[in-house]
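Colleague: I'd like to go over a predicted model; first the sequence, then the structure.
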Amino acid sequence: MIVEEIMKTDVATLHPTDTIADAMALMEVRKIRHIPIVDHDKHLVGLVTVAKIREATPSIFHANEHPEILKKTLDTIMERDVITGHPLDFVEETAALFYEHKISCIPILNDRKLAGIVTETDLLRTMIELTGVHQPGSQIEVRVPNISGALSDVAGIIRKRNANILSVLVYPDKQDGAFKILVLRVQLMNPTGLIQDLKQAGHQVLWPNLPGMNI
């Protein structure tokens, strides 16, 4: 999946000469926490976030005592060294940037112009859709040798049960590098028969660990 499929394209923007008050009002109206700052050619020049505004503005209880702060232009508080992405970037690579740099959004540029934005909420929604947890089904975790064909073998057993696989995640077994963990979400409300089939085929089912099924 690429960023173009999940990014928001109706992006609320402001200019460097707009004020902190303008940003606060726009965030309130649009219910957003990030505002890309662009020039008149839609080139990204900065980013204003809720955190930046909180740093720059006084407590709400003292706002009337310092009205001049709200009149400051955004170029005085905006982040200038902004991490950006491209519409054709892979979503997982973009998620890695969020994790590595501890950021909450990434403006998406195409030909140096702002084309969209991806936020933490967008990534979370995408993860939910990719893993299928919003659909009725069962999650099964299987520990398999880290060899070619292991996933195919498990998928074949599921196929014999005429169960649809909604998603598959694979991660290494932290206790033994010779194994990996398959996390499968299947369209079965009662996975008991499938678990029994997997165990009879010699697979170690980690979850669900149903009573009376230690084969």
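Modeller: Thanks, I have it. Numbering: from 1, shown residues only.
Colleague: Which of the three states applies to the residue nearest the centre of the chain?
Modeller: In the chain, the residue lying closest to the centroid (C-alpha atoms, centre = their mean) is L123, at 2.0 Å. Put simply, L123 is helix when judged by DSSP: H, G, I helix; E, B strand; the rest coil.
Colleague: R54 should be in a helix, yeah?
Modeller: Yes - judged by three-state DSSP, R54 forms part of a helix.
Colleague: For the nearest residue to N110 once chain neighbours are set aside, which residues are in contact?
Modeller: Counting by C-beta to C-beta, 6 or more residues apart in numbering, N110 lies nearest to P87, which is 5.6 Å off, once chain neighbours are set aside. For glycine as for every other residue, the C-beta is placed from the backbone atoms N, C-alpha and C. Residues near P87 by C-beta atoms under 8 Å, 6 or more residues apart in numbering: I2, V3, E4, M7, I108, N110, A115, G116.
Colleague: Can you tell me what sits against the helix or strand where L151 lies?
Modeller: In the assignment (DSSP states H and E), L151 maps to helix 150-160. Residues from elsewhere that reach helix 150-160 (C-beta under 8 Å, 6+ apart): 142, 144, 165, 168, 170, 180, 182, 184, 186, 194, 197-198, 201, 203.
Colleague: Now render those residues as JSON lines, adding distance to I32.
Modeller: Below are the contacts of helix 150-160 laid out as JSON lines (distance: C-beta to C-beta, whole Å):
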{"residue": "V142", "distance to I32": "41"}
{"residue": "V144", "distance to I32": "44"}
{"residue": "I165", "distance to I32": "36"}
{"residue": "V168", "distance to I32": "34"}
{"residue": "V170", "distance to I32": "35"}
{"residue": "K180", "distance to I32": "40"}
{"residue": "L182", "distance to I32": "38"}
{"residue": "L184", "distance to I32": "36"}
{"residue": "V186", "distance to I32": "37"}
{"residue": "L194", "distance to I32": "44"}
{"residue": "D197", "distance to I32": "49"}
{"residue": "L198", "distance to I32": "46"}
{"residue": "A201", "distance to I32": "50"}
{"residue": "H203", "distance to I32": "46"}
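Colleague: out of the residues you listed, which is most surrounded?
Modeller: Comparing those by number of neighbours (other C-beta atoms under 10 Å), L184 comes first, having 25 neighbours.
Colleague: Could you list the domains of the protein?
Modeller: Under the assignment automatic domain parsing, the domains of the chain span 3-127, 134-207.
Colleague: export these to a markdown table and tack on mean pLDDT?
Modeller: Formatted as a markdown table, the domains of the chain follow (pLDDT from 0 to 100):
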| stretch | mean pLDDT |
| --- | --- |
| domain 3-127 | 92 |
| domain 134-207 | 94 |
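Colleague: can I assume H43 is in contact with D111?
Modeller: No - look at H43 against D111 with C-beta atoms under 8 Å: they stay out of range, at 9.7 Å.
Colleague: neighbour-wise, which of the two wins?
Modeller: Comparing H43 with D111 by other C-beta under 10 Å, the one with more neighbours is H43, at 12 against 8.
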